[in-house]
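In: after the sequence you'll find the predicted model.
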Amino acid sequence: FGKPHEGLEMAKAAELILEKPGMRSSMTHTIFVTQTCCYHWTSPLQDTIAPLLKGYQAGLEIGDTDSACKCLAVRMYHLYFTGLSLGSIQKELEAATHVLTQLKQDGTQVFIILLLTTVKKRRGLDAEACDDIMDSMLATASSTGDFTLSALVNSMKLEVLVFCQEWRQALELVQKAGNMRLFLSSQFGSVRYT
């Protein structure tokens with residue numbers, strides 16, 4: 001922490017290790033870690049896009065769908081933050097949502113839905129449909145007693161409201177949702193606004 005160039009050296013060392021025989025199975029996870037924890041601190045975010053796509057593709061090839069989909073999700077966020085047009089990013093996000101549904105990656109998909117909801121709200125499109133998706137997820141969480149899913153969806157809704165500066169609705173959501181920290185203790189998003 002606080003030493004990005006040392007992290008960069010560790011990332012380069014990890015990449016050298018991957019070149020050794022028998023290390024292909026670690027490729028996708030290593031790309032995910034190096035691109036999300038090291039390289040984006042020392043080089044333009046745009047430079048992470050191609051390696052994350054490579055990590056996604058490699059993960060699918062070797063059967064590491066969890067790490068592949070994490071690479072895909074981070075790639076979507078990096079595309080968003082590099083200033084890709086909202087229309088273009090919406091197409092990418094919708095395609096990613098379809099892929100994540102096919103691969104049954106619900107945990108990763110919720111983060112893409114959050115970003116897709118934000119993009120649609122910023123474009124003035126179909127915001128209610130995205131709200132319906134999140135409300136459906138909340139209903140599922142309620143019917144199954146899944147408090148973690150409920151807290152995660154509420155924190156996603158809160159992110160969108162804060163991003164769009166809908167302060168009153170954000171406050172109402174926090175009051176209604178209760179203490180989300182109990183169920184999302186390891187995620188920084190759960191404490192950002194609560």
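Out: The structure has been received and is ready for your questions.
In: quick one, what contacts Thr42?
Out: Neighbour list for Thr42: 4-5, 7-8 [criterion: C-beta atoms under 8 Å, 6 or more residues apart in numbering]. Every residue, glycine included, has its C-beta placed from N, CA and C.
In: just give me the closest of the residues you listed to Cys38.
Out: Gly7 (4.4 Å; C-beta to C-beta).
In: which residue, other than its chain neighbours, is closest to the closest one?
Out: Cys38 (4.4 Å; C-beta to C-beta, 6 or more residues apart in numbering).
In: what's around the one you found, how many residues?
Out: Close neighbours of Cys38, defined as other C-beta atoms under 10 Å, add up to 21.
In: likewise for the one 5 residues further on?
Out: When neighbours are defined as other C-beta under 10 Å, Ser43 has 12 of them.
In: quick check: the gap between the closest residue to Met23 other than its chain neighbours and Gln169.
Out: Spatial nearest neighbour of Met23, excluding adjacent residues (C-beta to C-beta, 6+ apart): Ile17 at 6.2 Å. Between Ile17 and Gln169 the distance is 48 Å, computed by C-beta to C-beta, to the nearest Å.
In: check Ala13 too.
Out: 47 Å.
In: and what of Ser88?
Out: For Ser88, the distance to Gln169 - C-beta to C-beta - is 28 Å.
In: of the two, who's got more company?
Out: Gln169 (14 against 11).
In: how far does the one helix or strand the more buried one maps to sit from the chain's center?
Out: Assigned by DSSP states H and E, Gln169 falls within helix 167-177. How far helix 167-177 lies from its chain's middle: 23 Å, per C-alpha atoms, centre = their mean, to the nearest Å.
In: state the mean pLDDT of that helix.
Out: What helix 167-177 shows for mean pLDDT is 88.
In: show me what it is packed against.
Out: helix 147-163 (3 or more C-beta pairs under 8 Å, 6 or more residues apart in numbering; DSSP states H and E).
In: picking up where we left off before, quick one: residues contacting the residue nearest to Gly7.
Out: 4, 7-8, 10-11.
In: among those, the buried ones, what's the PyMOL command?
Out: Here is the PyMOL command that picks out the buried ones among the contacts of Cys38, judged by 16 or more other C-beta atoms under 10 Å:
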select buried, resi 7+8+11
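In: lowest pLDDT pick from the contacts of Cys38?
Out: Out of the contacts of Cys38, that is Pro4, at 77.
In: name the element the closest residue to that residue other than its chain neighbours belongs to?
Out: Using C-beta to C-beta, 6+ apart and skipping the chain neighbours, the partner closest in space to Pro4 is Trp41 (4.0 Å). For Trp41, the host element (DSSP H and E) is helix 40-42.
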